[in-house]
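*Asks:* Output the structure for:
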Amino acid sequence: MHPTIKAIEQEQMKKDLPKFKIGDTIRVSVKVDEGDKTRTQLFEGTVISRQGSGLRESFTVRRISFGEGVERAFPIHSPTVQKIELVRTGKIRRAKLYYLRKSTGKRGRIEEGKREEATPAPSA
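*Replies:* Presented below is the predicted three-dimensional model:
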């Protein structure tokens, strides 16, 4: 990629993003324009896929709403995505969780994983 394009993309990328991966439950705050008003809408669910890299990176979140599965794809560095919060981590061994579309009830659950927190290095 050309250095000029790379520099422009670096300016537009968000720096305060939490580290989340497939299987994690996250809460996404999205800015919604309705006529002349703007409001923030929350979408909480499980990350079932992540694709792309750099400025074009996006992820898909799935949740069950009123007994119906709802999926929504978000570009990570979009200005409409105001905030991403990590609710809980998931222990998963797949790159994509599309099989959750067919599973219901207990089969649709994801085991909770260990939280990776920064621990201070022991001083010697």
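*Asks:* Can you list the low-confidence ranges for this structure?
*Replies:* 116-124 (pLDDT under 70).
*Asks:* so residue 96 makes contact with residue 48?
*Replies:* Yes - shown here, residue 96 and residue 48 form a contact pair, counting by Cβ atoms under 8 Å, at 6.7 Å. The C-beta positions use only the backbone N, C-alpha and C, and glycine is treated the same way.
*Asks:* In terms of neighbours, single out the busier of the two.
*Replies:* residue 48 (22 against 12; other Cβ atoms under 10 Å).
*Asks:* so the more buried one is in which element?
*Replies:* Assigned by DSSP states H and E, residue 48 falls within strand 37-51.
*Asks:* Excluding its own residues, what touches that strand? List them.
*Replies:* Residues from elsewhere that reach strand 37-51, judged by Cβ atoms under 8 Å, 6 or more residues apart in numbering: 20-32, 57-63, 70-72, 82, 87, 90, 95-98, 100, 110.
*Asks:* Buried subset of those, written for ChimeraX?
*Replies:* Burial among these is assessed by 16 or more other Cβ atoms under 10 Å; the matching ChimeraX selection reads:
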select :20,22,23,24,25,26,28,30,59,60,61,62,90,97,100,110
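*Asks:* In this structure residue 111 contacts residue 91, no?
*Replies:* Yes - taking contacts as Cβ under 8 Å, residue 111 lies within contact range of residue 91: 4.5 Å.
*Asks:* picking up where we left off before, point out the other helices and strands that the helix or strand following the strand holding residue 48 packs with.
*Replies:* Counting by DSSP H and E, the next helix or strand C-terminal to strand 37-51 is strand 58-65. On a contact count with 3 or more Cβ pairs under 8 Å, 6 or more residues apart in numbering; DSSP states H and E, strand 58-65 meets strand 37-51, strand 68-75.
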